[in-house]
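K.L.:
What would the 3D arrangement of this be:
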Amino acid sequence: MQPILLIVDDEKPTRDALSLALEDDYEVYAAANGRAARAIMESEPVDILLTDLRLGGESGMDLIDFAQGLPKPPKCIMMTAYGSPDTAAEAKRHGAYYFVTKPLNLDEVELLLHRAAHTVELEEENKQLASRLQPTQGLDRMLGDSPQMQAIFNKIRQVAPTTATVLISGETGTGKELVAKAIHALSPRQKNKFVAVNCAALSPQLMESELFGHEKGAFTGAIQRRIGRFEEADGGTLFLDEIGEIDIPTQVKLLRVLSERTIERVGSNTPISVNVRLVAATNRDLEAMVREGSFRLDLYQRLNVISVQLPPLRERSGDIVLMANAFVKELCKENNKGEKHLSRAALDTLRHFAWPGNVRQLRTAIEHGVVMSETSSIEPADLPEYLVQEQTPPQAPELVPLRTNFELDSYPTLHLQYVEQQTILKALQITGGNRSAAANLLGINRRTLQRKMAENKEVFRNYLS
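P.N.:
Model (predicted):
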């Protein structure tokens, strides 16, 4: 959808010339005075206002003031033949995006309009993202518009009010603990403790004491009674991360707890009743471990009452922009940085990376960009080097033949012309027929591109309509 541009100038030749030059890239409206311009802005969602300073007996400053009071103010560019630093400063105070003097340089005007349109697009995209980031109770830390994540959110909402044991599986960094916390936050146990244990960080000797506690003197170094994580989580939720790392003896005792809802501290034979909702997670294939004999089948069946499988980030690349923008906002605050945003080039870099470390790696990359960027815009150069180095350039589209029966050897004097036409066709293909973008890609003026296309209407007929 093209940006909506309103041109306001009391000189008809200027209005007509600008409208003709810009109509390819913008939906152009034109007005000769402030009254007509205000009527258009009240009825159409104008993105960019390009207005003259002097509009007969009116001032373009007043028109900009009116525009700034709209629910969605357009970007305003002031034109004048009476330019001065004071006038430019005043225009900026009234809210002008930029100030340009007459006689107009069309290339300069096109560049300013392109920048303004790009800013409008970014602001609208950020607004849409912000609306999707409104917190939902229990799921406020989880982001995703993809069908996979929406299905997981629905499952979380359905499972959370129950007491069923949940097994969360997925690659490292996909957000398994966030799922466990969301289940707890949406459950009747939300006012009680959520206790997390990283099983991979504990040796087999410490695992039993960590989970079930121990009595004083139960082993060397046990100088006092210790409450285990099951007792600590009584009435709440116990999250066992990397459940596949616990050894067989501890698996047996864990199975007994799930069956009988009681524990025994190390060094004691007294059973203690516990009321705990258990949520487990793993990045390993527990079914394969069962077949290998390294994980008990009966424990696996007890844990896997409800299964939640988190997809890797590479399989839901549509969520990358949503999460990246959220991380920018969060990490700017954490690192005492002003407001920043990801440039379109940076977003493209993020989209085309495979993310073996998933969401956790994405967050780390964004923090690098937030810290290293020296302006409000985070560029590809601000991101970790590996992101740029591992980019796979997109395959260029095939060239459209100039004519199906064209024999190059039959027209030796047309070789250079043929190459030029093919290059222009390729640029138009890459940019989807956008002439300004194609001219920029070719490094030529847009009017030069239009002239070359007009001189070869048969070749470029698909792009001249």
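K.L.:
quick check: domain ranges of the chain?
P.N.:
4-132, 162-310, 314-389, 408-463 (automatic domain parsing).
K.L.:
a strand runs through Met78, doesn't it?
P.N.:
Yes: assignment of Met78 by DSSP: H, G, I helix; E, B strand; the rest coil places it within a strand.
K.L.:
Cross-check the contact I'm expecting between Thr51 and Ser59.
P.N.:
No: with contacts counted by C-beta atoms under 8 Å, Thr51 stays clear of Ser59, the gap being 9.7 Å. Where C-beta positions appear, they are placed from N, C-alpha and C, glycine not excepted.
K.L.:
quick one, which of these two is more surrounded?
P.N.:
Thr51 (28 against 16; other C-beta atoms under 10 Å).
K.L.:
Model confidence score at that one, please.
P.N.:
Looking at Thr51, its pLDDT reads 92.
K.L.:
try Thr270
P.N.:
On pLDDT, Thr270 comes in at 89.
K.L.:
let's have the chain start at 446 instead
P.N.:
Yes, from this point I'll number from 446; that puts the last item at Thr715.
K.L.:
Please identify which helix or strand holds it.
P.N.:
According to DSSP states H and E, Thr715 maps onto no helix or strand at all.
K.L.:
In contact with it, which residues?
P.N.:
Residues in contact with Thr715 (C-beta atoms under 8 Å, 6 or more residues apart in numbering) are Glu709.
K.L.:
try the one 10 residues further on
P.N.:
With contact set as C-beta under 8 Å, 6+ apart, Ala725 has these partners: Thr610, Val611, Leu612, Ile613, Phe684, Leu685, Asp686, Ile688, Leu748.
K.L.:
ok, now with 10 Å
P.N.:
Counting by C-beta atoms under 10 Å, 6 or more residues apart in numbering, Ala725 touches 610-614, 621, 625, 642, 644, 683-689, 691, 699, 731, 744-745, 747-749.
K.L.:
what about burial for these, which qualify?
P.N.:
Buried subset of these (neighbour count, 16 or more other C-beta atoms under 10 Å): 610-614, 621, 625, 642, 644, 683-689, 691, 699, 731, 744-745, 747-748.
K.L.:
And for Met817, the neighbour number?
P.N.:
Look at Met817: counted by other C-beta under 10 Å, it has 13 neighbours.
K.L.:
wait, I meant Arg880
P.N.:
By other C-beta under 10 Å, neighbour count at Arg880 equals 19.
K.L.:
quick one: secondary structure of the closest residue to Thr727 other than its chain neighbours?
P.N.:
Distance criterion C-beta to C-beta, 6 or more residues apart in numbering; nearest residue to Thr727, sequence neighbours excluded, is Gly689 at 4.4 Å. Put simply, Gly689 is helix when judged by three-state DSSP.
K.L.:
contacting residues for Gly689?
P.N.:
Going by C-beta under 10 Å, 6+ apart, the list of residues near Gly689 reads 614, 644-645, 725-731, 733-734, 739-740, 745.
K.L.:
To which secondary structure element is the most centrally placed residue in the chain assigned?
P.N.:
In the chain, the centroid-proximal residue (C-alpha atoms, centre = their mean) is Val766; its distance is 1.2 Å. Using DSSP H and E, the element containing Val766 is helix 765-779.
K.L.:
ok, Ser718 - contacts?
P.N.:
Contact analysis of Ser718 by C-beta under 10 Å, 6+ apart lists Asp679, Glu705, Arg706, Thr707, Ile708.
K.L.:
What angle do helix 765-779 and the biggest helix by length in the chain make with each other?
P.N.:
Assignment by DSSP state H gives helix 551-577 as the longest helix of the chain. Counting by axes from the mean of the first three to the mean of the last three C-alpha atoms, to 10 degrees, helix 551-577 lies at 80 degrees to helix 765-779.
K.L.:
Now do the same for helix 551-577: mean pLDDT, whole number.
P.N.:
78.
K.L.:
Of all the residues in that helix, which ones are buried?
P.N.:
Neighbour counts over helix 551-577 (16+ other C-beta under 10 Å) mark Val554, Glu555, Leu557, Leu558, His559, Ala561, Ala562, Val565, Leu567, Asn571, Leu574 as buried.
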